[in-house]
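# everything below, folded, please.
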Amino acid sequence: MDIGVIGCGFAGSAAALFLARAGHKVTAYEAVDDPQPVGAGIMLQPSGMDVLDALGLLEPVLERGDRVSSLFVERSNGKKLLDLHYAMLDERLFGLGLHRGVLFQTLFEAAQRETVDVRTGIRITQRVYEHDRVTLIDEQGVRHGAHEVVIVADGARSQVRERNAGYAMVSRYPWGAMWVIAEDPDGVFDGVLYQRVEGAHKMIGLLPTGRAPRHIDSDTADNNLVSLFVSIRADREGELRAGGLKRFQEQVVSLMPRAEPVVAQIESLDQVLFAPYYDVVMSRWHDDDRVVFIGDAAHATSPQLGQGSNLALCDAMALARAFGECERPGHEAQPREAFRRYQRARRAHLAYYQRATRWLTPFFQHDSRALGTLRDVGMPIAATLPFVKREMVRSMCGTKTFFALPGVI
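Below is the predicted model of the structure:
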C-alpha cells in the first residue's frame, strides 16, 4: 500500500518505521529543511519504552537517558505533596528522563536508514481526494503523491487538520512553561523528577535529562543534563522577560533553592524558551477511509502528566497493528477497516489521559487560591490510600485506561 506520512516527529517517524517494515511503500514529508535534535527534556514512560522496544530502538535511547525512579512534589513550606515510586507496581519499572532531541534523532535516523522515503523542507498544508487517492499540497501550492492512505502527524498546530477537518476542537491553555536545559556534571538531580509548588499559580520542576544527542560538537557533550521548567501564564511571558535575568533567577531560587546551580548557568533570558500547551479534541481520528490523525495532531494535551511522547508512540504501534490485523492472504488491508480498529484500540487509553490531564492541570496551573488549597489538602490524604496511590503510579507509567490496554505493561 502507498502511504504518505505528514510530519517526522515521534508519531510520524515511528508510524513510518512500523509500516515500512510491514512492506508498505512509505513517503514521509517533513516541513523543516534540515531537522535537528533540539528541544527540552521529556519523560519516557514504560508505555513508550514498550513501543521503542518493539522497534528495536530502546537500547540507544536508554544509553542517553537518565532512569527516574520517582516523582516527588513538595509545597513551598517543605511539606510533601506527592511521593510516587515506580517500584510500587514493579521493581523493574522506571521512567526515563531524556533530551527530546535524542528520541527524535533515534527515530528519524532509523527512518532514513530503512525503506522510508523521507522528504524534508516540504510543509504540507492540505490534502485533496482524487478518485481513490489522496494528493497532498504544500504551502507553495506544489502537489505531492498521490497516496492510498495519508497519516497526519504534524503536531498540535497541524495546518492539515485546521484546513480540512471540521470535527476538531482546538484550544490553547492560558498557562505554559518557560524551560531551559543546563548541565549537571555531578548527577545532583539524577533519579527523581522533583517539583515545588506554591498554591496553583507557582510551579517549578527539575527533570534529569540524561545526555545530549549524539554528534553534538562540545567538550561537555557527554555531561549529565537537567531540564528546568517554570510554570507561567502565557500572557505574562513578556512581563517576566522585561524584568530581566537577575529577577528571573531570584524568583526561581526563592521558590526552589535547589535550582540555584541550574539558574546560575543561564547567561541570558534568550536561553529560556516558552512552551505553550494545546488541547486538541477530535470526535474521530480518521477522515472517511483515506486519512488518519495520530499524535498531537489528534489529541494534544497539557504535559501535566508527561504523556505526550508516550501517547504518540502508542498511536504509531496501534495503527500499524490495525493494518496488520486487517490484511488477508493475497489482499491488502482496507484503510477504513484499519482506521476503525485503530480507533477502537486507542479509545480507552486516550480518553483517560485527555480527561485526566484536563481535570488535573488547573490544580497546578491556575490563578485560583481555592484550587491550590483543595489540592494541598486532598492529594496527601488520597495518597495514603494504597489503591489510590497505585492508580496514581499506574497513571504516571502511561498504562492506565478506562478499561484494559493490551500489549502494554
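
# could you use CA atoms for every contact and neighbour count after this?
Will do.

# for Thr135, grab phi and psi.
Reported as degrees, to the nearest 10, the phi and psi values for Thr135 are phi -100, psi 130.

# what's the answer for Gly56, then?
When read as degrees, to the nearest 10, the backbone of Gly56 gives phi 70, psi 20.

# ditto for Gly199
When quoted as degrees, to the nearest 10, the phi and psi of Gly199 stand at phi 60, psi -160.

# what of Asp289?
Residue torsions, per degrees, to the nearest 10, at Asp289 are phi -120, psi 20.

# touching, it and Phe339? I think so.
Yes - contact status for Asp289 versus Phe339: in contact at 7.5 Å, counting by C-alpha atoms under 8 Å.

# out of the two, which sits in the more crowded spot?
Phe339 (25 against 17; other C-alpha atoms under 10 Å).

# residues touching the more buried one, list them.
Going by C-alpha atoms under 8 Å, 6 or more residues apart in numbering, Phe339 touches 286, 289, 292, 319, 322.

# ok, now Val170?
Shown in contact with Val170 (C-alpha under 8 Å, 6+ apart): 278-281.

# ok, now His131?
If a contact means C-alpha under 8 Å, 6+ apart, then His131 has no contacts.

# how near is it to His147?
Here the criterion is C-alpha to C-alpha, to the nearest Å. By it, His131 lies 11 Å from His147.

# is Leu311 in a helix, a strand, or coil?
At Leu311 the chain is in helix, as set by DSSP: H, G, I helix; E, B strand; the rest coil.

# just give the nearest non-adjacent residue to it, would you?
Counting by C-alpha to C-alpha, 6 or more residues apart in numbering, Leu311 lies nearest to Gly295, which is 6.7 Å off, once chain neighbours are set aside.

# what's the local residue count around the one you found?
25.

# thought it was touching Ala11?
Yes - with contact defined as C-alpha under 8 Å, Gly295 counts as touching Ala11 (5.4 Å).

# what do those two both touch?
153, 312-313, 315.

# from Val32, how far off is Val102?
Val102 is 17 Å from Val32, by C-alpha to C-alpha.

# helix or strand right after the biggest helix by length in the chain?
The longest helix of the chain (DSSP state H) is helix 335-360. Counting by DSSP states H and E, the next helix or strand C-terminal to helix 335-360 is helix 369-382.

# which element follows that following helix toward the C-terminus?
With elements assigned by DSSP H and E, the helix or strand that comes after helix 369-382 is helix 386-397.

# now do that next one: distance to the chain's middle.
Helix 386-397 has its C-alpha centroid displaced from the chain centroid by 20 Å (C-alpha atoms, centre = their mean, to the nearest Å).

# for that helix, which outside residues touch it?
Here helix 386-397 makes contact (C-alpha under 8 Å, 6+ apart) with 45-47, 84-86, 88-89, 95, 305-306, 382-383, 400.

# buried set for that helix?
Neighbour counts using 16 or more other C-alpha atoms under 10 Å place 389-390, 392-397 of helix 386-397 among the buried residues.

# just stretch 54-66 next, same as before
Applying 16+ other C-alpha under 10 Å to stretch 54-66 flags 55, 57-58, 61-62, 64-66 as buried.

# where does the closest residue to Asp367 other than its chain neighbours land on pLDDT?
For Asp367, ignoring the flanking residues on the chain, the nearest one in space by C-alpha to C-alpha, 6+ apart is His201 at 5.3 Å. Note on His201: pLDDT of 95.

# contacting residues for Gly398?
Per C-alpha under 8 Å, 6+ apart, neighbours of Gly398: 45-48, 307, 310-311.

# circling back: got CSV for the contacts of Phe339, with secondary structure too?
Converted to CSV, the contacts of Phe339 look like this (three-state DSSP):
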residue, secondary structure
His286, strand
Asp289, coil
Val292, strand
Leu319, helix
Ala322, helix
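
# from the chain's centre, how far out does the strand ranked longest in the chain sit?
Longest strand in the chain by number of residues, with DSSP state E as the criterion: strand 168-183. In terms of C-alpha atoms, centre = their mean, the centre of strand 168-183 is set 12 Å apart from its chain centre.
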